[in-house]
Structure formats: structure tokens, C-alpha cells
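Undergrad: What follows is a protein structure lacking sequence information:
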């Protein structure tokens, strides 16, 4: 909530407290079917997987390990929002734009792709098994989707893409 509302990253102590509170006390279970049913999504969701940034970091680490083992490319993308002339948007406008942009991202990515809100005006996106050119096409598709659906938006989108290697 601090990251979404104020663009502030919570302290390490606050993050540790959050993780401690979020832990559940599971008892002993021998039936994998029960465990599997607990992890299943409640309803089939279309589009990319949106998660909190802490979860995104763990998915990132897992994907980097997998990509290194398989020798597959992986790209990290940062999508930033500003006013049409580079100015800062009002908080209300910013929240409205970010909510709508999240929907555009979700629809434009594959269901196995993951993204997260990084700051008050940024989303971070992980594109496993996509080369640089495909990653550029994906980011352009997101921007096009947003502009088509919200042609009168006061926002300007900018993105950066970086290939991740096994040492990053």
C-alpha cells in the first residue's frame, strides 16, 4: 500500500513484519490434492499475472534461475507514466491512469507473464523467453492497447527494456 499510494518502498523491518503476519499456520497434510486445491486460482483468469512487488521479486529470481539453466532469454521491462509534456500528473489522474494501464498490460501479455506496480507511476514487467525485438513489440503493443482504449488520456508512456543474464 505504501508503494501504491505514496511511491515509497517500505523499510526492511516493515517488510519482515508483513511477511510474518501473512504467514499461515498450516498443519500436517498428507493429501497432495488438498494442498493443490488450496493453491488453485478461484476462477480462470485471462491475461498476465499481476502481483505485489515482493512476490514479483521472487518470481523474477525463479525465472532467472530457469532461464540460466535452459539458456533462454529473459527481459525485464519498466513502463513509466508522466503527463503528455513530461509533467507530474495529479494523484487522482495518476491513479486513474495506472488502473487503466494495468488492464492494458494484463490484456496485452501472455497468461504466463508477470507484472507488478513498482512505484506510484511505474510497472515492472518480466518477459521470459522473449528476445529483445519481441520484448520491444510487446511494449509497443501495450502502449497501442492503452492509447486505443483511452485516446484522450493525459498520460505519456515510456519504457525501458533490459536483457537479464544469469549473473544479474
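TA: Yep, that arrived. Since we're looking at a predicted model, the values are computed, not measured.
Undergrad: and residue 1, how many neighbours?
TA: 9 (other C-beta atoms under 10 Å). Glycine gets a C-beta too; all of them are placed from N, C-alpha and C.
Undergrad: Can you give the distance from stretch 39-56 to the centre of its chain?
TA: Once both centres are worked out by C-alpha atoms, centre = their mean, to the nearest Å, stretch 39-56 turns out to sit 10 Å from its chain's centre.
Undergrad: which of the residues in that stretch are buried?
TA: Across stretch 39-56, burial judged by 16 or more other C-beta atoms under 10 Å covers 47-50, 53, 56.
Undergrad: Output those as CSV; include the columns distance to residue 40, pLDDT and secondary structure.
TA: Below are those laid out as CSV (distance: C-beta to C-beta, whole Å; pLDDT from 0 to 100; DSSP: H, G, I helix; E, B strand; the rest coil):
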residue, distance to residue 40, pLDDT, secondary structure
47, 18, 86, coil
48, 18, 92, coil
49, 14, 92, strand
50, 18, 94, strand
53, 24, 95, helix
56, 21, 96, helix
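Undergrad: OK, contacts around residue 40?
TA: If you count contacts by C-beta atoms under 8 Å, 6 or more residues apart in numbering, residue 40 has none.
Undergrad: How is the residue nearest in space to the middle of the chain assigned, secondary-structure-wise?
TA: Centroid-nearest residue in the chain, with C-alpha atoms, centre = their mean: residue 115, separated by 1.5 Å. When classified by DSSP: H, G, I helix; E, B strand; the rest coil, residue 115 comes out as strand.
Undergrad: so the closest residue to it other than its chain neighbours is in which element?
TA: Leaving aside its chain neighbours, residue 115 sits nearest to residue 125 (4.4 Å; criterion: C-beta to C-beta, 6 or more residues apart in numbering). Assessed by DSSP states H and E, residue 125 sits inside strand 122-128.
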